[in-house]
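In: Predicted model, plus sequence, below.
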Amino acid sequence: MKDRKSILVTGGAGFLGSHLCDRLIAAGHDVICVDNFFTGTKRNIEHLIGHSRFELVRHDVTFPLYIEVDQIYNLACPASPIHYQHDPVQTTKTSVHGAINMLGLAKRLKCRILQASTSEVYGDPSQHPQKGTYWGNVNPIGPRSCYDEGKRCAETLFFDYHRQHKLEIKVMRIFNTYGPRMHPNDGRVVSNFIVQALRNEPITIYGDGQQTRSFCYCDDLVEGMIRLMNTPADITGPINIGNPGEFTIRQLAERVIALTGSNSKLIQNPLPTDDPKQRQPDITLARKHLDWQPTIQLDEGLKKTIAYFDAFLKEPA
Ligand code: NAD
Ligand code: UDP
């Protein structure tokens, strides 16, 4: 293949990383997947193990890594609140030391590097929808701060390496993304509701369920990520990638019940501290620079995700 590259995906055994590895292998590239399996699993990538262009390395990105590649996608970091709050110090280290190590690697190799940043850099936003130019409204000392501020500091490092060392960077702000291979116990709303509905257990709405999120299906997200990586050098981001379709959490619960035919009832649990009230991406820049917009709307994506969890829950333990 003319454009065949050797590509590093950190966090490659996780939910989004594994879909990215699939796409890059299918496109004919060599992929090195680096993961410490904190939230990712071999199961997510087991179909790639043994493939001649796929390599799996168990490694923690908070330690330096010496390999040779042409591009780096930096996804390593737990993404769900219960996982990133489990060991908050390690979460900040993963974002910050991980960014320093991967940026150092990119600097030595003079290669492009993409950062999987997050809509959490906007905190509980006072601007709606959120544009890439918005600076955010983040609590620096709350339970979500290890993730939010870690990701913000990583963005700072990316832009300083760009200005100081002329590194080619791509910063992508990912909004809530869902799909097959989400961890069934990671506590994120889509996986929680689907697993609860399939088991006919109560659906746990936190707060009154009027808070909103905009849900992007994983295939759309990965398409946007690959397009961003391959933009001209002057496109650095930050660029929002997400689906602007905005739903209340209660509406999401109702869609999941309708699509699973579940008998589950809705119950209300306390709202977690600093839970953002609304979130919707402004994707003007992604449309302009990547010619990208999501193609899979909520019901279609939910059906695919429900089919995945249905099969997953029927597997012998
Ligand atoms: P995930 O938890 O499934 O994947 C993260 C992966 O990183 C896992 O495989 C985990 O084992 C690995 N990892 C964690 N710490 C590591 C370390 N120190 N060294 C090496 N590997 C490590 O989460 P995801 O949803 O696939 O998220 C992937 C990336 O996208 C994350 O950086 C996350 O912050 C970002 N993101 C995701 C979403 C979303 O809605 N899914 C939204 C915003 C941002
Ligand atoms: N949420 C909920 N019930 C659940 C899990 C989450 O009502 O069982 C809510 C949560 O309080 C938040 C929204 O769903 O308002 C999205 O939560 P998630 O953890 O998926 O992502 P994030 O808050 O990081 O956007």
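Out: That came through fine. Being a predicted model, the structure only gives us computed values, none of them experimental. Residues are numbered from 1 along each chain as shown. Ligands and ions are numbered 1, 2, ... in the order given.
In: give me every residue that touches His128.
Out: When contacts are counted by C-beta atoms under 8 Å, 6 or more residues apart in numbering, His128 touches 278, 280. Using the backbone N, CA and C atoms, a C-beta is placed for each residue, glycine as well.
In: right, I mislabeled it, should have said Ile239
Out: Contacts of Ile239 (C-beta under 8 Å, 6+ apart): 132, 170-173, 228, 285-286, 289-290.
In: Nearest to ligand 2 among the residues you listed?
Out: Arg173 (12.7 Å; C-beta to the nearest ligand atom).
In: The helix or strand hosting that closest one vs ligand 2: in contact?
Out: Taking DSSP states H and E as the criterion, Arg173 maps to strand 169-174. No - Strand 169-174 is not in contact with ligand 2 by C-beta under 6 Å from any ligand atom; minimum separation 10.7 Å.
In: Show me what residue of the stretch 201-317 of the chain gets nearest to ligand 2.
Out: Closest point on the stretch 201-317 of the chain to ligand 2, by C-beta to the nearest ligand atom, is Tyr206, at 3.5 Å.
In: returning to what we had before: now do the strand holding Arg173: which elements does it pack against?
Out: strand 112-118, helix 145-165, helix 218-229, strand 239-241 (3 or more C-beta pairs under 8 Å, 6 or more residues apart in numbering; DSSP states H and E).
In: anything in the shortest one sitting right up against ligand 1?
Out: No - contact of strand 239-241 with ligand 1 (C-beta under 6 Å from any ligand atom) is absent, the minimum separation being 9.1 Å.
In: Residue numbers of the stretch 101-250 of the chain in contact with ligand 1?
Out: Residues of the stretch 101-250 of the chain lying close to ligand 1 (C-beta under 6 Å from any ligand atom) are 116, 118, 174, 176-177.
In: List buried residues within the residues you listed.
Out: Among these, those scoring as buried are 116, 118, 174, 176-177 (criterion: 16 or more other C-beta atoms under 10 Å).
In: quick one, helices of the stretch 1-150 of the chain?
Out: 15-26, 81-84, 88-109, 145-165 (DSSP state H, counting those that start in this stretch).
In: tell me which parts of this structure are close to ligand 2?
Out: 80-81, 176, 187-189, 192, 204-206, 211, 213, 249, 271-272, 275.
In: contacting residues around Thr295?
Out: Neighbouring residues of Thr295 by C-beta under 8 Å, 6+ apart: Asp220.
In: Can you read off the pLDDT for it?
Out: Thr295 carries a pLDDT score of 98 in this model.
In: same deal with Pro316?
Out: 77.
In: again with Met1
Out: Here the pLDDT value assigned to Met1 is 73.
In: How many neighbouring residues does the closest residue to it other than its chain neighbours have?
Out: In space, and not counting its chain neighbours, Met1 is closest to Gly28: 4.0 Å by C-beta to C-beta, 6 or more residues apart in numbering. Look at Gly28: counted by other C-beta atoms under 10 Å, it has 12 neighbours.
In: same check, this time on the one 5 residues further on
Out: For Cys33, the count of nearby residues is 29 (other C-beta under 10 Å).
In: do the one 4 residues further on as well
Out: Using other C-beta under 10 Å as the criterion, Phe37 is surrounded by 12 other residues.
In: for the one 10 residues further on, same thing?
Out: When counting by other C-beta under 10 Å, one arrives at 13 neighbours for His47.
In: ok, it to Asp208 distance?
Out: His47 is 42 Å from Asp208, where distance means C-beta to C-beta, to the nearest Å.
In: cool, Leu252 as well?
Out: From Leu252 across to Asp208, the span is 14 Å (C-beta to C-beta).
In: which one of those two has more residues nearby?
Out: Leu252 (22 against 11).
In: That one in helix, strand or coil?
Out: What DSSP: H, G, I helix; E, B strand; the rest coil gives for Leu252 is helix.
In: Now do the contacts for the closest residue to Asn137 other than its chain neighbours.
Out: Ranked by C-beta to C-beta, 6+ apart and with sequence neighbours excluded, the top spatial neighbour of Asn137 is Gly123, at 4.4 Å. Gly123 makes contacts with 136-139, 148, 274, 276, as judged by C-beta under 8 Å, 6+ apart.
In: Could you tell me which of those count as buried?
Out: 136, 138, 148, 276.
In: wait, what's in contact with the residue of the chain most remote from its centre?
Out: Residue farthest from the centre of the chain, counting by C-alpha atoms, centre = their mean, is Asn263 at 30.7 Å. Neighbour list for Asn263: Asn200 [criterion: C-beta under 8 Å, 6+ apart].
In: Just name the most buried of the helices of the stretch 1-150 of the chain.
Out: Across the helices of the stretch 1-150 of the chain, averaging neighbours per residue (mean count of other C-beta atoms under 10 Å) puts helix 15-26 on top, at a mean of 22.
In: How far does that one sit from its chain's centre?
Out: 12 Å (C-alpha atoms, centre = their mean, to the nearest Å).
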